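Trainee: Sequence and predicted structure are below.
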Amino acid sequence: MPLRLTAVLLGIAIVAIVAIAAPARAEIYELPPEGYDVIGALATVTAREEDTLVDIARRHGLGYHDIVRANRSVNVWVPGEGTEVVLPTRFVLPPGPRQGIVLNLPEYRLYYYPEPVEGEPAYVMTFPISIGRMDWDTPLGATSVVAKVRNPSWYPPQSVRDEHAADGRPLPRIVPPGPQNPLGKFAMRLGLPGYLIHSTNRPAGVGMRVTHGCIRMFPEDIEYLFPNVDVKTQVRIINEPVKLGWFGEELVMEAHPVLEAPGPEADAELIAADVDVDTGDAEGVESSVQPKDPLTYVTERFIAVTDTHAGQLDWREVEVLIGRSDGIPAAAGRRIKNAATSAASQ
């Protein structure tokens, strides 16, 4: 069951939020030990009269889709005073090495693994992000941070200028730093030409698929992250709508919708939020996300996580979680001792 407010930890203190010099709502967790891939805990908070779900999400390190999918029966813009709002602040760590920056696009989330300090625990930070819309996909692959800029100027490419001109909103060739600059106060340039991780002057869009391919963060999040990330930091951009990981003897699954072309519902969300698309400097790229059946993602992840630890899935529970695709992790299987009945035989 969801816990109230400060996310009381599940069972043992391996995923404690660390009280270090950071904003009060920064999501910073001690990395779990071997055999554990889950951090954080679910929580609930009571909405105030003036709150929207977007307001609540931002206060608790969540993006738009994070909080909306976890609270489908709650009105986004008028949740109502006294309404209990679920905070989906429990996460299965993304697959692959726990180092550098990992961007999981279907999750709309960034994970950053700082270099461990000798004699101290290792940590992971996690933040909501916006990603490229279907016609301006954020590409997948491995890259790195190649430059960091404070108060960047923006040089919109001709393709973006043409799009804005067609909408009756012409752009200058150079937008100087300031409140009209969509890059905000901080930008980290990636090795993929034209792609940035940057701040924004339109934070309501964080957690949506609204950018021209760049990664957008809340201003306060990137302000904290920026000085902690060095040039040459590795960056992996992945497409994992389903994550599976171990929590002791439990096999925990976290499911998000498979990325597809935005439909009428997505358009309505943008209109309601009064969100403009990101105007980063990336040129259009071919779609890097090839959707598969959700159960294919489950099978791939199951084979991977049971490579060294045999496990068994409850496929009825898997189908329930896929049907919800709300990003809330739940037990979907268990560890077994007989390797003969592991992944290969499922």
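Mentor: Right, received. Where do you want to start?
Trainee: Backbone dihedrals for the nearest residue to P88 once chain neighbours are set aside, please?
Mentor: Setting aside the residues directly before and after it, P88 is nearest to A70 in space (CB to CB, 6 or more residues apart in numbering), at 4.2 Å. Backbone N, C-alpha and C define where each C-beta goes, glycine included. The phi/psi pair for A70 (degrees, to the nearest 10) reads phi -80, psi -10.
Trainee: Tell me the confidence at A70?
Mentor: Listed pLDDT for A70 reads 97.
Trainee: low pLDDT regions in this structure?
Mentor: In the predicted model, the chain carries pLDDT under 70 at residues 1-26, 134-136, 156-159, 161, 172, 261-290, 338-346.
Trainee: one more time with 50, if that's ok
Mentor: 1-24, 262-289, 341-346 (pLDDT under 50).
Trainee: returning to that earlier point: verify the contact between the residue nearest to P88 and D326 for me.
Mentor: Yes. With contacts counted by CB atoms under 8 Å, A70 reaches D326, the gap being 5.4 Å.
Trainee: Quick check: neighbours shared by the two?
Mentor: P88 (CB atoms under 8 Å, 6 or more residues apart in numbering).
Trainee: Flag every buried residue along stretch 57-74.
Mentor: 57-58, 60-71, 74 (16 or more other CB atoms under 10 Å).
Trainee: now for these, which pair is the farthest apart?
Mentor: Spatially, the most separated pair among the buried residues of stretch 57-74 is G61 and V74, at 18.5 Å (CB to CB).
Trainee: so R216 bridges to which residues?
Mentor: S130, H198 (DSSP bridges).
Trainee: Where do the helices of the stretch 1-150 of the chain begin and end?
Mentor: For the stretch 1-150 of the chain, the helices defined by DSSP state H, counting those that start in this stretch occupy 53-59, 64-70.
Trainee: cool, and the stretch 151-300 of the chain?
Mentor: Under DSSP H, counting those that start in this stretch, the stretch 151-300 of the chain gives helices at 158-166, 219-225, 264-273, 294-305.
Trainee: Could I get the contacting residues of the residue nearest the centre of the chain?
Mentor: For the chain, R109 is the residue whose C-alpha lies nearest the centre (CA atoms, centre = their mean; 1.1 Å). Contact analysis of R109 by CB under 8 Å, 6+ apart lists 63, 66, 91, 103, 126-129.
Trainee: Just list whatever residues bridge to it.
Mentor: Here R109, judged by DSSP bridges, has bridge partners N104, P128.
Trainee: Between the buried residues of stretch 57-74, which sits nearest Y113?
Mentor: G61 (16.7 Å).
Trainee: nearest residue to that closest one other than its sequence neighbours?
Mentor: Nearest to G61 is E27, by CB to CB, 6+ apart, at 4.2 Å.
Trainee: got the helices of the stretch 1-150 of the chain as TSV, with distance to E115 columns?
Mentor: Shown next, in TSV, are these (distance: least, CB to CB, whole Å):
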stretch	distance to E115
helix 53-59	28
helix 64-70	27
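Trainee: Indicate which one of these is closest to P152.
Mentor: Nearest to P152 among the helices of the stretch 1-150 of the chain is helix 53-59 (22.7 Å), distances taken as CB to CB.
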